[in-house]
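Visitor: Turn this into a model:
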Amino acid sequence: MIPARGSLTDRLRDEIVAALTAYMQDAGLSQDDVARAIGVNKTYLSNIFTGSGNLPPDTRDQILRDANNWLDREARARENRRPDTFVETRVARRIIDLAERLKERADIALAYGPAGIGKTLTAQAIQAELGAVYVMIDEDCQSPVGLRHKIYNALSRRHRNRNVTVAEVVQKLALPDRVATRNLVILDEAQDLRAAAFTMLRKIQEQASCSLLFLGTVDLDQRLSSDDDIEFGQLSSRVGIRLNLARELTGATHGGQPAERLFTVEDIRALFAHAKVKLHPATARMLATIANSTRGTLRRVERLHFWALKVALRKHAERIMPEHVQAAAGIVGEELGVTPADVLADASPSEARKEAAG
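Guide: Predicted coordinates for the structure are as follows:
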């Protein structure tokens, strides 16, 4: 355990140097590479390895802390990579663009929209390549104590079982001013956070000069909508970016012009490109309409495709046709307790069949 403040013990110094040396050998990195990555003078880093020079103890320990935090970030980045099957839909591209901006400067952002449009899938897919910390808000971390523990363990190679302080989380997230990028924490399902957790996160963001990206439903934006709110006003006033991921579904416009649809036909084709049976063009358009509907979303389309594929395979069809989707709608409707028409949302199977026949 690396303390957030005070002098490091000789044992901890030796452990960090040993871990850094092992990683450099494994990754084929030079001291110059590591010095640039950490944001420290190469001569200072060399002095850390050799024990030579006249570095003040506090400077030496700060460099070792920076090195340890860098090793933690590298460990996170090596754990996962973006899945080969991940498709950059328009929703995904917006979240990625926002996350990249948050890596460049310390800020707080909200990205919100209805369930099932790909927020979680995107965040999980990109966390490693951005070196971000991803935290799914559940019952264990809705309060400050649980949330501190979950963020700390997501940041560290060595997990902690006991309570974690705010100072320890800040120490993990803070980067030296000489480092151009900022650490990013992505908090998914953030609408479920308690007021005290929001307050704690605001303080962590200020002290660590890191970035926070809150992902959630429209309830998240409503909770943080007023700077005058007694519970959430302090955090609301510090939100620098608000991104509505579903302007298209709410009927809003952008710059006076109707906003583009969330999912294109190309997105739908790419999502199911690896299936045993390919989509007929009319089916791809039909599923795109459902995905962009207020009663649809991408999650429903994926469920429809699952059953439509089974129907197509059973019929030995060469392509998944609109009538296969209509048959699937009956199955999904039973699962959800709604009618097939509700499952199909605004798509018209009859029109799609005419188009397919033509």
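Visitor: can you map out the strands along the stretch 1-150 of the chain?
Guide: 108-112, 133-136 (DSSP state E, counting those that start in this stretch).
Visitor: which strands and helices sit next to the shortest one?
Guide: Packing contacts for strand 133-136, counted by 3 or more C-beta pairs under 8 Å, 6 or more residues apart in numbering; DSSP states H and E, involve helix 119-130, helix 144-155, strand 184-188. No exception for glycine: its C-beta is placed from N, CA and C like everyone else's.
Visitor: pLDDT on the second one, on average?
Guide: When pLDDT is averaged over helix 144-155, the result is 91.
Visitor: buried ones in it?
Guide: Pro144, Gly146, Leu147, Arg148, His149, Lys150, Ile151, Tyr152, Asn153, Ala154, Leu155 (16 or more other C-beta atoms under 10 Å).
Visitor: Can you tell me what sits against the next helix or strand after that helix?
Guide: Note on helix 144-155: by DSSP states H and E, the next helix or strand toward the C-terminus is helix 166-173. For helix 166-173, contacts defined as C-beta atoms under 8 Å, 6 or more residues apart in numbering pick out 2, 4-5, 65, 69, 72, 148, 151-152, 155-156, 183, 185, 200, 203-204, 207-208, 210.
Visitor: ok, now stretch 319-336?
Guide: Against stretch 319-336 from outside (C-beta under 8 Å, 6+ apart): 275, 277-280, 282-283, 286-287, 300, 303-312, 315, 317, 339-344, 349, 352-353, 356.
Visitor: what do you get if the cut-off is 7 Å, keeping everything else the same?
Guide: With contacts defined as C-beta atoms under 7 Å, 6 or more residues apart in numbering, stretch 319-336 is touched by 277-280, 282-283, 286-287, 303-304, 307-309, 311-312, 317, 339-340, 342-344, 349, 352-353, 356.
Visitor: For Gly51, which of the strands of the stretch 1-150 of the chain is the nearest?
Guide: strand 133-136 (33.1 Å; C-beta to C-beta).
Visitor: Surely Pro57 touches Ser7?
Guide: Yes. Shown here, Pro57 and Ser7 form a contact pair, counting by C-beta atoms under 7 Å, at 6.4 Å.
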